[in-house]
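K.L.:
Dropping a prediction and its sequence here:
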Amino acid sequence: MNHAGKHTSFSPIDDRFDHNRKGIFFCKYNHEGLYLILYSVGIGLVVSLVLFLTNLPDRGLTGAAAFLMQTVVLVVSPLLLIGGIRAIRSGVTYNYTANEEKMLIVCPRENFRADIFYNTVENVTYEEIKYFSKIRGLHVTVFCTHGKYIFEFLFGYNTPETSKTPDLTPFRYIEERAGLIAPPEYSAWSRLDNFR
């Protein structure tokens, strides 16, 4: 049995108090590629339309106004394109709530809901999602007795490359509560050692 590592849901006080845990994480959009294409084409069409309309002589725009409008569109459109692509590639927000018996994961935007009961979890697997040889996220599959749940978990843009491990995911919590990962052992000495 693997150990949970330093990112764990267990603590020395778990035995004395009930706990509920809430949080968010990000996953790829189901149709991310389509969204990127449509957004890029939309920006291209808007830029083309503005440049076309400002070049028509009978539109009543003076040369200075047309030049100013063209300049603004040509300066702003790359920023909008980069910002929009980055927002789409950041993923969609998933909310989770965990208690002693299950983890509820919902994403209203993708119309997704999963009630993952720890006593039905058989295994959790992780595969890296790479983008230009850098780890972008993890393809997570949670195998349960009644089926499986698949998540395309994304790390934040500022996450260091060395920290992009399953330990940073909320799915470790499922593994711990299902008994697939051993909780860390706590002792007074180990807690004192953490402060040295």
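P.N.:
Everything's here; your move. Everything quoted here is computed from the prediction, not taken from an experiment.
K.L.:
so who does the residue nearest the centre of the chain touch?
P.N.:
The residue lying closest to the centre of the chain (Cα atoms, centre = their mean) is residue 26, at 2.0 Å. With contact set as Cβ atoms under 8 Å, 6 or more residues apart in numbering, residue 26 has these partners: 90, 91, 92, 93, 94, 153, 154, 156. All C-beta atoms are positioned from the backbone trio N, CA, C, and that covers glycine.
K.L.:
For residue 78, grab the count of nearby residues.
P.N.:
Neighbourhood size, residue 78 [other Cβ atoms under 10 Å]: 11.
K.L.:
can you check residue 164 too?
P.N.:
Neighbours of residue 164 using other Cβ under 10 Å come to 19.
K.L.:
same check, this time on residue 101
P.N.:
By other Cβ under 10 Å, 10 other residues sit near residue 101.
K.L.:
what's the neighbour count on residue 157?
P.N.:
Per other Cβ under 10 Å, the neighbour tally for residue 157 reads 9.
K.L.:
And residue 163, by the same measure?
P.N.:
Neighbours of residue 163 under the rule other Cβ under 10 Å: 12.
K.L.:
May I have the phi/psi pair for it?
P.N.:
Backbone geometry at residue 163, expressed as degrees, to the nearest 10, gives phi -90, psi 0.
K.L.:
Could you check how far it is from residue 182?
P.N.:
If you measure residue 163 against residue 182 using Cβ to Cβ, to the nearest Å, the figure is 22 Å.
K.L.:
ranges for the strands of this structure?
P.N.:
In the chain, the segments counted as strands under DSSP state E are 2-3, 21-27, 92-98, 102-107, 112-117, 121-131, 134-144, 147-154, 181-182.
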